[in-house]
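K.L.:
following is a predicted model, sequence given first.
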Amino acid sequence: GRQVVEVLVHRGARMELVLDAVQARHQQGDEGQIGVAHRVGEAGFHQLQDFPGGGVRVEALGAGGRRFAVEAFAVFLVEVPAAAQRLAAVRDAMRRAARISEKIIDGLMERTALGVPKNEVVAAAMADAVTGAEGHWGDYPAIVPLLPSGPDAAAPHLTWNGRPFAGGEATFFEISGCYRRYHAPLCRTIFLGTPPDFLKRAEEALLRGLEAGIDMARAGNRACDVAEALADELGKSDIKRAARCGYPIGLSYPPDWGERTISLRAEDETVLEPGMTFHFMPGLWMEDWGLEITESILITPDGPAEPLCNRPRDVVVK
């Protein structure tokens, strides 16, 4: 089926190729000029007002007056080793966020039912997020709850509407608890009715891949090793997945809870270090359906990664 393909998402190594293309177009006589602006624009880097670490935003006006922009993000690279130095405090905050994530998912699974409007379920989930868990208050997450159903689940990052949940559809929930701006994203899927065989087979493959990836996510291994472990298991069920399968997480503000540094993808050879935290996110977005089962994980000094949340991974059937 159709797959979401991410080519330039959070991929600093490709930036020079894009800038070369911009320069080439300018030299070939395209009207307009290339400039550098230190203000963060519409491309998604909204957390900062400038790039004190050396990143830039390059704008170009090409033929026909079409404006395009490329933003480098070298500033974000300094955060990876810093996270390891703050391991104890970060770990505690993220585990508190994980308890909130569990509470949100529990509530979503309990309240989702035939005929219940999506917006009502989301309203309760937002209340759970802010109420917090185990005596710790919750902050607003960097991304609102995402919960596409049926054919809409073929694409990630879709929010809610007012239509009731319907039978014969899978809905995946992508949420995160947030404590003092630290996040622990978690995704689970629910099916109202009897799941079709193809969804059951995909679930089995995804669960195997999730386990294999978590086992491979060890200090000293590379980001690409995790992606390849997942791909190997999915391949056994003839499932091909083009997108990256994870990204670093930690302290974030809207519009994104991911850090723009490492990606769990076949081309990223970054060595994993103790204290790094990732959203291991092997979602499947196919032609007319989708499935998400994910974990936030902590790279430990010894052994496989530690999932920060503790909730069943099977698709919930109601």
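P.N.:
Structure's in. What do you need?
K.L.:
helix/strand/coil for residue 297?
P.N.:
strand (DSSP: H, G, I helix; E, B strand; the rest coil).
K.L.:
give me the distance between residue 228 and residue 269.
P.N.:
Distance, residue 228 to residue 269, using C-beta to C-beta, to the nearest Å: 11 Å. Any C-beta I mention is one placed from the backbone N, CA and C, and that applies to glycine too.
K.L.:
so for the two, which sits in the more crowded spot?
P.N.:
Ranked by neighbour count (other C-beta atoms under 10 Å), residue 228 and residue 269 place residue 228 first, with 18 against 10.
K.L.:
now do the contacts for the more buried one.
P.N.:
216, 266 (C-beta atoms under 8 Å, 6 or more residues apart in numbering).
K.L.:
now it, what's its secondary structure?
P.N.:
Assignment for residue 228 (three-state DSSP): helix.
K.L.:
how about the strands in the stretch 201-318 of the chain?
P.N.:
246-248, 277-280, 284-285, 290-291, 295-298, 306-307, 316-317 (DSSP state E, counting those that start in this stretch).
K.L.:
what mean pLDDT does the helix or strand hosting residue 94 have?
P.N.:
Assessed by DSSP states H and E, residue 94 sits inside helix 87-111. The average pLDDT for helix 87-111 rounds to 93.
K.L.:
which SSE is immediately downstream of it?
P.N.:
helix 118-131.
K.L.:
helices or strands up against whatever helix or strand comes next after that following helix?
P.N.:
Proceeding N to C from helix 118-131, the next assigned helix or strand is strand 169-179, under DSSP H and E. Under the contact criterion of 3 or more C-beta pairs under 8 Å, 6 or more residues apart in numbering; DSSP states H and E, strand 169-179 touches helix 87-111, helix 118-131, strand 182-192, strand 290-291.
K.L.:
rerun that using 10 Å as the cut-off
P.N.:
helix 87-111, helix 118-131, strand 182-192, helix 197-216, strand 290-291, strand 316-317 (3 or more C-beta pairs under 10 Å, 6 or more residues apart in numbering; DSSP states H and E).
K.L.:
and those as JSON lines, adding distance to residue 308 and mean neighbour count?
P.N.:
Formatted as JSON lines, those follow (distance: least, C-beta to C-beta, whole Å; neighbours: other C-beta atoms under 10 Å):
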{"stretch": "helix 87-111", "distance to residue 308": "4", "mean neighbour count": "20"}
{"stretch": "helix 118-131", "distance to residue 308": "16", "mean neighbour count": "17"}
{"stretch": "strand 182-192", "distance to residue 308": "5", "mean neighbour count": "26"}
{"stretch": "helix 197-216", "distance to residue 308": "11", "mean neighbour count": "18"}
{"stretch": "strand 290-291", "distance to residue 308": "21", "mean neighbour count": "24"}
{"stretch": "strand 316-317", "distance to residue 308": "20", "mean neighbour count": "15"}
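K.L.:
tell me which of these sits nearest to residue 151.
P.N.:
strand 290-291 (8.8 Å; C-beta to C-beta).
K.L.:
partners of the closest one in the sheet?
P.N.:
Sheet pairing of strand 290-291 (DSSP bridges) gives strand 284-285 (antiparallel).
K.L.:
rewinding a little: overlap in contacts of residue 228 and residue 269?
P.N.:
Here residue 228 and residue 269 have residue 222 as joint contacts, going by C-beta atoms under 10 Å, 6 or more residues apart in numbering.
K.L.:
to residue 155, which of the strands of the stretch 201-318 of the chain lies closest?
P.N.:
By C-beta to C-beta (comparing all of these), the closest turns out to be strand 284-285, at 6.0 Å.
K.L.:
which residues touch the closest one?
P.N.:
1-4, 148, 153-157, 172, 189, 199, 202-203, 205-206, 209, 234, 239, 241-243, 290-293.
K.L.:
on that earlier part again, how about the helices and strands packed on strand 169-179 in a markdown table, adding distance to residue 275?
P.N.:
Converted to a markdown table, those look like this (distance: least, C-beta to C-beta, whole Å):
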| stretch | distance to residue 275 |
| --- | --- |
| helix 87-111 | 4 |
| helix 118-131 | 26 |
| strand 182-192 | 13 |
| helix 197-216 | 16 |
| strand 290-291 | 30 |
| strand 316-317 | 32 |
